[in-house]
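Asker: I would like the atomic coordinates for the input below:
(chains A and B)
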Amino acid sequence: MLEQIIYAMPLLVLFVGIGYFSLFEFRDNEVLFTFKITRLTLVMSFVFAVIFYNKPMIAGLVRANNYSLLFQVLLYGGTMTLLFMSRKWFAVMKESTHMFCYALLLSVFAGNLLITSRNLALTFGGFILLMLSNLLFLRKIAYKKENAINVKIYSISAALSVLFLIAAIVFLFEKVGSLDYVWLKLYFEENSFGIVSFCAVSVFILTFMFLLAIAPLHFWFTEISGRVTLPVFGYFMLVPLSAIWAGLIRFNLEVAAPISQFLRLFYIGVGLASVTLGAIGACSGKNMRKILAYSAVFHQGIMLLLMQYFTLHATDAVFEYLMVYLLAVWGACICLFGLKIRGEYLFTLDEFAGVAFRRPYIAAVLTIALFSMLGLPPLAGFWGIFRVTEVLMYHGNFYQMLYLIVMLMCMGFAFLRVVQNIYFENSHEVLDKSDKGTYVGLTAFIVMMVFMMCFPHYWIENLNFIAEGMH
Amino acid sequence: MFNLLFVFMMVPLIGCMFAIMAKRNDSNAYFVSLFTTFSAIIASLLLFSRINYIGDGMQLKYSFLWLESMNIILTFGMDIFSLLMLLGIYISFAIGLVGLPEADRKNKTLQVMILLLLWLFTGFFAADDLVSFYIFFAGMLIPLYMAIGLDGNIRKKSTLYLFFLYNFAGILLLLFAIMIAFRFYHGNMLLREFSLIKMPMKVGLFVWGGVCLSFISRIPIWPFHYWISSISSGIKNPLVYIVTNLMPLTGLYGFIRFWQSAIADSMRAYVPIMVAFCLLTMLFIVLTGIARKQFLYKLFSYMTVYYLMFLLAVVLLSSIFLTDTLLMNIGYALFIFLIVNSSLVVLDLRLERESAIHKIEYKGVLAYMPKLAAVFAYFVLIAIGLPISSMFWNNFIIISALFNFSFFIGLVVMVAILMISIALLYELYLMRDLQTYATNNIEFSDLTRSEQAFFISIILILFLSFFNPLWFVF
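Answerer: Coordinates of the predicted model:
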């Protein structure tokens, strides 16, 4: 029992942090204190997660291995970056940080559940908590009236998906007698597969997609991203993605693999829809955050296209793509946190005009991040596109690849508009001085970019090893 | 382990690092670029002395395992052809840097991009396997786009978008083709092995279609001519102009490397279509060049015609007898061609600037600057193929080979070259018109002594090449 409590320390520490924020309401002038508490909670939780990376607290419920550690590193890394970069915003805006820190810890808790879960009930719990923390971010932190309709849509969709999830869980439990991934997989392997079972599994996959904002379930994310404050936008881009993808990949391989022939077409359809809507949406956007949000839809569409194969080879490619994409998003978000005029972060494309002349380093990193997302060598994003092409060609999907090329060009057009504004336009607006933290973050980004490009064997071969463990 | 080629490849990258650290709004980055370019020229001359002329294939090779799980071994090497191209590019960069106006020398971002391009060009010509070739081929797009955008004087936004998207499409198509080859070969391979892979006809069509389209996207063949012609007509910065017009060379070199052993069976049926497009583009671009008044546009037409002639020689003759000797003739001709073009671009843009400052007509402008006029005239005479450089011999051999292949093709090429040469000569005649000089007695800033010495040394290189194209190798 004691052993299990010790192994549960990463979650327990987070739980204590969440409890602390639930019990005590902090005042607006206690920005530093609330951030300190949150940082301490996250660091402790992360340290325990690393120490007990292969020790599950309850063997039947969670699985702790190098796979979960990888995604925990991404989750905690994204959260710490967001916390670090948002501090200034809250200090300047004099907004309450209480709810922000509370929701952030809740999200990390939910993320941990999704990453390690091997039971549908626990996955369901992760979903509920993540939806709740998303809602807190949308409703309670720097809420704007113009977001009301989108927040409502999100709330209704989340409530509906919870209802469907409950129905799916009840149905599957009745059929299989357990919600353990292993039993579910066995059941699907040994029994003929009915339409209701397919729907039950699809409900889970759709919920993952809803939280990832993959088309056609992207409506809440792309619209809101263009209007929310930068810390909230940063949260959606940096924190939940890695955890949800970890959950989806595990669910896909450990539960849905036996029904891959039914899901394949579904993944292709959704993947292509995401790629199309993401690319076209990004082209039409005049708002930097919206462009990045649509680009998230686009890139996740590409990853879904890879997931149609359910093979080690494809999983490996998804890992690599996710890595390079998250790195680029990380760099782009840090840049956005470093650019403001009179305390307001840059928002529309016009505001980015001439940034290169006033903040050359930030402009260069933002450009590198955007071009990396297009997969252009010699940037790390090259590995992502390289692996995607390799997998699609390996399976002989020439036409999907050609379609992807067209959509990549659309995406390229969207990013070109940004780069063109940054470098080839000029404006007389004076930008605020950027923090030293921004430059530290950007330097770290460049170092990682160079490392990932020059020494791919260090990370790609480790990812291969993790993917092998999944199969 | 110490490898001379590796050090050689790193020279521009190290220069780029220094340029990044240089002060803004200062000429420090410019001097770093200049120093790096001259260092690269010296290093390439050193490499020439280490290469065996009789040896076959890439030499001074080095390779390293980049990614074991995918069996990606990056291999680099040099042969006389690629080294000659690199030397030509370095000299072109040096000419562009020397001819850069004072104001543009302070643009640090431009200098960084130029050095980055120099490094990518070096890697591109040294690449001997598919992956490294792709990386350097694709990598050129970002710095080139930035250089054109920053200092290309492009007024229409759509032109820049189109430029990027054309090239981006080409890059993705090449990746597409390479990855299909990966599937058949189970990993990376040397460039010369590429054309030997046995693939089903349909797959071969996808692969070779992708490869050809990606290289053609860099060469101004209709309908891919738009970006390069519209961009070239606007550029007023000599360095950016030179760099932009080096891009077709990368496409041409791609064809040479990929069709080194044999032309692919799946593409054989489409070669006549490609040839027809080349010939039509040639004639079309010559007529456009004649119709335009600017010398720079005529020069662009001239460059296009020559690039297309070299392309025709590579594509047509590789299917029958693209021997090493003929390939070297193309190499020698290209070497001179690059240097002559760069010099003419620099000199003409200087003339344009001077005539704009003194508000005089372009006609007769050369009469005000006798030193520049002499150098300019010499370069024009080399460009049109008079026997004062090795270009004369090499063009003669290439055109003879084309005539030998098909009289009609040879004739069209000959007519195109003749027409554009006449256009250049006529332009030279107009620019030297002494009538205007008599009425306007204005003091122009002619070539300085150091510039004069620089251009005379370039002329000397070209003149000595008439006797031995590789005279500078000891």
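
Asker: low-scoring stretches of the chain, by residue?
Answerer: Picking chain A for this. A:26-31, A:142-143, A:192-193, A:470-471 (pLDDT under 70).

Asker: wrong one, chain B
Answerer: Applying pLDDT under 70 to chain B flags the ranges B:1-2, B:55-56, B:186, B:260-263, B:319-323, B:435-442.

Asker: Contact partners for residue A:80?
Answerer: A:39, A:42-43 (Cβ atoms under 8 Å, 6 or more residues apart in numbering or on different chains). Any C-beta I mention is one placed from the backbone N, CA and C, and that applies to glycine too.

Asker: now swap in residue B:152 and tell me
Answerer: B:160, B:231, B:234-235, B:237, B:240, B:244.

Asker: and the stretch 251-400 of chain A, which residues reach chain B?
Answerer: A:356, A:360, A:371, A:374, A:376-378, A:382, A:385-386, A:389-390, A:392-394, A:396, A:398 (Cβ under 8 Å from any Cβ of the partner chain).

Asker: Can you flag which of those belong to helices?
Answerer: A:356, A:360, A:371, A:382, A:385-386, A:389-390, A:392-394, A:398 (DSSP state H).

Asker: Residue 297: which element?
Answerer: Let's take chain A. Using DSSP states H and E, residue A:297 falls within helix A:288-307.

Asker: hmm, I had chain B in mind actually
Answerer: Residue B:297 belongs to helix B:295-318, assigned by DSSP H and E.

Asker: Next secondary structure after that helix?
Answerer: Moving toward the C-terminus from helix B:295-318, the next helix or strand (DSSP H and E) is helix B:324-357.

Asker: contacting residues around the closest residue to residue B:157 other than its chain neighbours?
Answerer: Leaving out its chain neighbours, the residue that sits closest to residue B:157 by Cβ to Cβ, 6 or more residues apart in numbering or on different chains is residue A:420, at 6.6 Å. Residues near residue A:420 by Cβ under 8 Å, 6+ apart: B:149, B:157, B:160-161.

Asker: For chain A, what's its nearest residue on the stretch 251-400 of chain B.
Answerer: Using Cβ to the nearest Cβ, the closest approach of the stretch 251-400 of chain B to chain A is made by residue B:266 at 14.1 Å.

Asker: My understanding was that that residue contacts residue B:210; is that so?
Answerer: No - at 11.4 Å, residue B:266 does not count as touching residue B:210 under the criterion of Cβ atoms under 8 Å.

Asker: More neighbours: these two, which one.
Answerer: Ranked by neighbour count (other Cβ atoms under 10 Å in any protein chain shown), residue B:266 and residue B:210 place residue B:210 first, with 25 against 18.

Asker: if we can go back for a sec, can you tell me which of the residues of the stretch 251-400 of chain A next to chain B are buried?
Answerer: By neighbour count, with 16 or more other Cβ atoms under 10 Å in any protein chain shown, those hold A:356, A:360, A:371, A:374, A:376-378, A:382, A:385-386, A:389-390, A:392-394, A:398 as buried.

Asker: Now tell me what touches stretch B:267-275 from outside.
Answerer: B:204-205, B:208-209, B:212, B:216, B:221, B:263, B:312, B:315-316, B:319, B:409.

Asker: Correction: the previous question concerned stretch A:98-109.
Answerer: Taking Cβ under 8 Å, 6+ apart as the rule, stretch A:98-109 contacts A:11, A:14-15, A:17-18, A:21-22, A:25-26, A:34-35, A:37-38, A:41-42, A:45, A:75-76, A:79, A:82-83, A:86, A:90, A:129-130, A:132-134, A:136-137, A:140-141, A:231, A:235, A:239-240.

Asker: re earlier: the helix holding residue A:297 vs helix A:381-394, what angle?
Answerer: 40 degrees (axes from the mean of the first three to the mean of the last three Cα atoms, to 10 degrees).

Asker: Please tell me how far residue A:406 sits from chain B.
Answerer: 8 Å (Cβ to the nearest Cβ, to the nearest Å).

Asker: Would you state the strands of the stretch 1-150 of chain B in chain order?
Answerer: Using DSSP state E, counting those that start in this stretch, the strands found in the stretch 1-150 of chain B span residues B:59-67, B:72-78.

Asker: Could you export these as CSV, including mean neighbour count and distance to chain A?
Answerer: Formatted as CSV, these follow (neighbours: other Cβ atoms under 10 Å in any protein chain shown; distance: least, Cβ to the nearest Cβ, whole Å):
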stretch, mean neighbour count, distance to chain A
strand B:59-67, 16, 5
strand B:72-78, 21, 8
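
Asker: Turn those strands into a markdown table, including distance to residue B:365.
Answerer: Formatted as a markdown table, the strands of the stretch 1-150 of chain B follow (distance: least, Cβ to Cβ, whole Å):
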| stretch | distance to residue B:365 |
| --- | --- |
| strand B:59-67 | 46 |
| strand B:72-78 | 42 |
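
Asker: need the residues of chain B near chain A, please.
Answerer: B:24, B:65-70, B:109, B:120, B:134-136, B:138-139, B:141-142, B:146, B:149-150, B:157, B:160-161, B:164-165, B:168-169, B:171-173, B:175-176, B:179-180, B:182-183, B:206.

Asker: Drop anything exposed from those.
Answerer: If you count burial by 16+ other Cβ under 10 Å, the buried members of these come out as B:66-67, B:70, B:109, B:120, B:134-136, B:138-139, B:141-142, B:146, B:149-150, B:160-161, B:164-165, B:168-169, B:171-173, B:175-176, B:179-180, B:182-183, B:206.

Asker: Quick check, the residue in the stretch 1-150 of chain B closest to chain A?
Answerer: Nearest residue of the stretch 1-150 of chain B to chain A (Cβ to the nearest Cβ) works out as residue B:135 at 4.2 Å.

Asker: Nearest residue to that residue in space, please, no chain neighbours.
Answerer: Looking at residue B:135 with Cβ to Cβ, 6+ apart, the closest residue is residue A:377, at 4.2 Å.

Asker: Repeat that for residue A:341.
Answerer: Using Cβ to Cβ, 6+ apart, the nearest residue to residue A:341 is residue A:429, at 5.3 Å.

Asker: what helices or strands is the helix or strand containing residue B:165 leaning on?
Answerer: Applying DSSP H and E as the criterion places residue B:165 in helix B:157-185. Helix B:157-185 is packed against helix A:381-394, helix A:398-424, helix B:130-139, helix B:141-151, helix B:201-216, helix B:226-232, with contacts defined by 3 or more Cβ pairs under 8 Å, 6 or more residues apart in numbering or on different chains; DSSP states H and E.

Asker: Report the inter-axis angle for the strand or helix carrying residue B:373 versus helix B:324-357.
Answerer: According to DSSP H and E, residue B:373 maps onto helix B:370-383. Relative orientation of helix B:370-383 versus helix B:324-357 (the same axes, to 10 degrees): 150 degrees.

Asker: Name the residues of helix B:370-383 that are buried.
Answerer: Here helix B:370-383 shows B:372-376, B:378-383 as buried, counting by 16+ other Cβ under 10 Å.

Asker: Then stretch A:182-191?
Answerer: Of all the residues in stretch A:182-191, those buried under the rule 16+ other Cβ under 10 Å are A:183-185, A:187-188.

Asker: can you map out the strands along chain A?
Answerer: For chain A, the strands defined by DSSP state E occupy A:340-341, A:344-345.
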